[in-house]
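**Student:** sequence and predicted structure below; questions after.
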Amino acid sequence: MIDRRAMLLGGLLAPAAARAQRKAPPPARPRFYARGTLEREVRFPGTGGVTLAGTLLLPIWSEIERVPGVVLVAGSGPTDRNGNNGLIAERVDLLKQIAALLAAAGIATLRYDKRGIGASTQRPQGSLAEQEAFFAWDHFVGDVAAAHAELLRHDEIKSYATALLGHSEGGLLVLAAAPTITRHPPHGMVLVSTPGRPLSVILHEQIARGAPALVAAADKAVAAIQATGHVPTGLPRELALLFPPYAGPFLQHLLAFDPAQALRRSKMPCFLLQGAADTQVVPMADVQPLIDAMGARGAPGEAIVIPGVSHNLKTVTWPSDPGFAGPLAPAAAAKLTAWLTQLLGA
C-alpha cells in the first residue's frame, strides 16, 4: 500500500516537475578532468553573534567550472555536521555520505555543526535565560539562511543552482528558513524523513507507544511549554532528557510548527524522501500530510517511500535493526541523486 501510494504520487507530480524544470542542457562536464573532491573547512557567522563551523565538499572539477550547491541541515539533538549523535553508539554518517554521493554527481555541499554542537559556538554557561535565548527557534532558522549565504560566498558555486536538504527536524528548519531567503533564493528543497504533523501530536503518540506510563506527565509538560515557553521543573528523568531546561522557547515554536501548512504555502520544487522502515517518522501517518500538501499546492514536487529503508536512509536487514550504520540504501541514493541533478542541472 505504501509503495503504491508513493508511486501514484510520483506519477502525478513528476511530469509537472519535469515540465517546470526543463531548460537548455548544461555544458558538458569536463570528463577528462581528474576525479575526486576538494574539502574546505569553513567558519561563518550565524544568527545572534555565534560562529558556525562546517565543511564545504566540492567536486574536483569545480577548479575549472562552477557547480551547483546544497546546504545539508542535521536533525534533532546533539547531531553534528556528519549526521552523528553522541547519544548513539554507532556511526551514522548520514550527511557525510550524502555529501560524498552528491560530490560524485557534480554537486557541492555545505554541512555544518549546529549552534552548541561540535566546533560551532558552544552553549553559554550563564543564566537559564541566556541559554534559552541562545537556543531560540528563530536562531536555528536563521542559521540555515546563514549557511546558504556562506555557500554562495564561494566562487565555485552557481548562485542560481542551490538547494536546501534537511533530515528529520532539519527538514522542519528548511521549511521555516526557505521563504526567508530572498537574495539568490534556493531553487528547491529536499525533506528527508521529515514529519508532516506538528511535533506535539507525534510526541504524544511516540510516548504512548513506547512508554505509556509517561503519557500524562509528557502531555502536561507539553501544555506548559506551549503556554509559557519554559520547561517545567520536576520532570521524570526520562522526560528531562527529552525536554532540557534551556529548550523552552525553541520547543514552544517547534511543537506548534505545522510542516504541512508550511509546505502548502511554498512554491519551491520539493522532493520528499522517506524510508518505509522508519520507526521515528512513521509512514504513512506522519508523512501523508506532507504528500497531501505537495499534491495540492500546484508546484513541482515528487515523493517516494522506499521499502526496507530506515529513518537514516540505511537498509534495514531484520525487524529489530535500527538502521543506523552502513552505507546509504542504494534506492535512496539513486533517487536523491537523480532528482537533484535534474533540478540543479549538474
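**Tutor:** Received, thanks.
**Student:** the stretch 101-250 of the chain: strands as residue ranges?
**Tutor:** 108-112, 157-167, 188-192 (DSSP state E, counting those that start in this stretch).
**Student:** of all those strands, which one comes closest to V174?
**Tutor:** Between V174 and the strands of the stretch 101-250 of the chain, the shortest gap by Cβ to Cβ is with strand 157-167, which sits at 3.6 Å. Using the backbone N, CA and C atoms, a C-beta is placed for each residue, glycine as well.
**Student:** tell me what that closest one is packed against?
**Tutor:** Where contact means 3 or more Cβ pairs under 8 Å, 6 or more residues apart in numbering; DSSP states H and E, strand 157-167 is packed against strand 67-73, helix 94-104, helix 137-153, helix 169-177, strand 188-192, helix 330-344.
**Student:** coming back round to it: make a markdown table out of the strands of the stretch 101-250 of the chain and add mean pLDDT and mean neighbour count.
**Tutor:** Converted to a markdown table, the strands of the stretch 101-250 of the chain look like this (pLDDT from 0 to 100; neighbours: other Cβ atoms under 10 Å):
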| stretch | mean pLDDT | mean neighbour count |
| --- | --- | --- |
| strand 108-112 | 98 | 27 |
| strand 157-167 | 98 | 23 |
| strand 188-192 | 98 | 27 |
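**Student:** A129: which of the helices and strands packed on strand 157-167 is closest?
**Tutor:** Judging the helices and strands packed on strand 157-167 by Cβ to Cβ, what sits closest to A129 is helix 137-153, at 14.2 Å.
**Student:** checking the residue lying closest to E63 once chain neighbours are set aside next. Helix, strand or coil?
**Tutor:** Take E63 and drop its neighbours on the chain: the residue closest to it by Cβ to Cβ, 6 or more residues apart in numbering is L38, 7.3 Å away. Classification of L38 by DSSP: H, G, I helix; E, B strand; the rest coil places it in strand.
**Student:** quick check: L38 vs V282, distance?
**Tutor:** Noted for L38: a distance of 39 Å to V282, by Cβ to Cβ, to the nearest Å.
**Student:** what does P307 give?
**Tutor:** 14 Å.
**Student:** how about the contacts made by V309?
**Tutor:** With contact taken as Cβ atoms under 8 Å, 6 or more residues apart in numbering, V309 is in contact with 275-278, 315-316, 323, 329, 331-332.
**Student:** what's the spacing between it and G275?
**Tutor:** Following Cβ to Cβ, the distance that separates V309 from G275 is 3 Å.
**Student:** and if you look at H187?
**Tutor:** H187 is 25 Å from G275, by Cβ to Cβ.
**Student:** any chance of the strands of the stretch 101-250 of the chain in TSV with distance to W137 as columns?
**Tutor:** TSV is the format used below for those (distance: least, Cβ to Cβ, whole Å):
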stretch	distance to W137
strand 108-112	17
strand 157-167	14
strand 188-192	18
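**Student:** which stretch among these comes nearest G234?
**Tutor:** G234 lies closest to strand 157-167 among those, at 32.9 Å (Cβ to Cβ).
**Student:** quick one, that closest one and strand 108-112 angle?
**Tutor:** Going by axes from the mean of the first three to the mean of the last three Cα atoms, to 10 degrees, strand 157-167 is angled at 50 degrees with respect to strand 108-112.
**Student:** looking at the contacts of V309, state which has the most neighbours.
**Tutor:** For the contacts of V309, counting by other Cβ atoms under 10 Å, the largest number of neighbours falls to G275: 29 neighbours.
**Student:** quick one: low-confidence ranges for the chain?
**Tutor:** In the predicted model of the chain, residues 1-33 satisfy pLDDT under 70.
**Student:** all helices in it, in order from the N-terminus.
**Tutor:** Assigned by DSSP state H, the helices in the chain fall at 2-21, 94-104, 128-134, 137-153, 169-177, 199-210, 215-228, 237-242, 248-256, 259-265, 288-296, 330-344.
**Student:** the residue minimising distance to the centre of the chain pairs with what?
**Tutor:** In the chain, the centroid-proximal residue (Cα atoms, centre = their mean) is G166; its distance is 1.3 Å. Judged by DSSP bridges, the bridge partners of G166 are V73, L191.
**Student:** wait, isn't it in contact with P186?
**Tutor:** No - assessed by Cβ atoms under 8 Å, G166 is found out of contact with P186, at 11.4 Å.
**Student:** F257 contacts L199, correct?
**Tutor:** Yes - between F257 and L199 there is a contact under Cβ under 8 Å: 7.1 Å.
**Student:** with adjacent residues omitted, what lies nearest to T121?
**Tutor:** That would be V50: by Cβ to Cβ, 6+ apart, it lies 3.9 Å from T121.
**Student:** which residues touch the closest residue to H139 other than its chain neighbours?
**Tutor:** Distances taken as Cβ to Cβ, 6+ apart place T47 nearest to H139, at 4.6 Å, with adjacent residues excluded. Listed by Cβ under 8 Å, 6+ apart, the contact set of T47 reads 138-139, 141-143, 146.
**Student:** got a winner among these for most neighbours?
**Tutor:** Going by other Cβ under 10 Å, D143 tops these with 24 neighbours.
**Student:** thank you kindly, that will do.
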